[in-house]
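K.L.:
this is a predicted model, with the sequence first.
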Amino acid sequence: MQGEQMISALIGLVGAVSNNGRTEHTDGVIRRAFLQIRNGGSEQEIVEAVHREKFAISPDCAICKNPCGNTSDYDMARFHEASESIQNRKLELIKSIGAYLESAQEEKLPDLIYQGIAYLGYDLQEKAYVEMIEQIHGKIIR
């Protein structure tokens, strides 16, 4: 899947945000990450920018000797180990978030986008992903 490292890093960033809040740059980093990967941007540069933002939010995580895992990049092996239907729902969720970010006019991202990214790191029932996708679709400006 294209953008795996970026998705992995964004899940870690959202974990940092859930613990410590956003900076004035967090929404822009997330928006640029999704849009650059959709437009063929360098994934490594995106991941580095996401990590910089995560460590700005949670500086101790960069040097922690005993990481708790709350802000760790997501292990994409877990994505690939999920059932095909869950993988497809997560891919659909990624596309929905990207579509929202392409259409959104406001600079500040709604909490729903952060929640959607967090859902990518969880092993949830298929219904939860469907409901999140529907909520995001409801926010897309057509």
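P.N.:
Cool, the structure landed.
K.L.:
go through the helix or strand containing residue 54 and flag the buried ones.
P.N.:
Using DSSP states H and E, residue 54 falls within helix 43-57. Across helix 43-57, burial judged by 16 or more other C-beta atoms under 10 Å covers 43, 46-47, 49-51, 53-55, 57. No exception for glycine: its C-beta is placed from N, CA and C like everyone else's.
K.L.:
got a list of contacts for it?
P.N.:
2-3, 5-6, 8-10, 12-13, 16-17, 20-23, 25-26, 29, 32-33, 36-37, 61-62, 71 (C-beta atoms under 8 Å, 6 or more residues apart in numbering).
K.L.:
and it, how far from the chain's centre?
P.N.:
Once both centres are worked out by C-alpha atoms, centre = their mean, to the nearest Å, helix 43-57 turns out to sit 12 Å from its chain's centre.
K.L.:
could you pull out the helices for this protein?
P.N.:
Residue ranges of the helices in the chain, as given by DSSP state H, are 4-20, 26-38, 43-57, 76-81, 84-103, 111-120, 126-139.
K.L.:
which of those sits most buried?
P.N.:
helix 4-20 (a mean of 22; mean count of other C-beta atoms under 10 Å).
K.L.:
what are the contacting residues of that one?
P.N.:
1, 26, 29-30, 33, 37, 43-44, 46-47, 50-51, 53-54, 57-58, 61, 70-76, 79, 94, 114, 117-118, 120-121.
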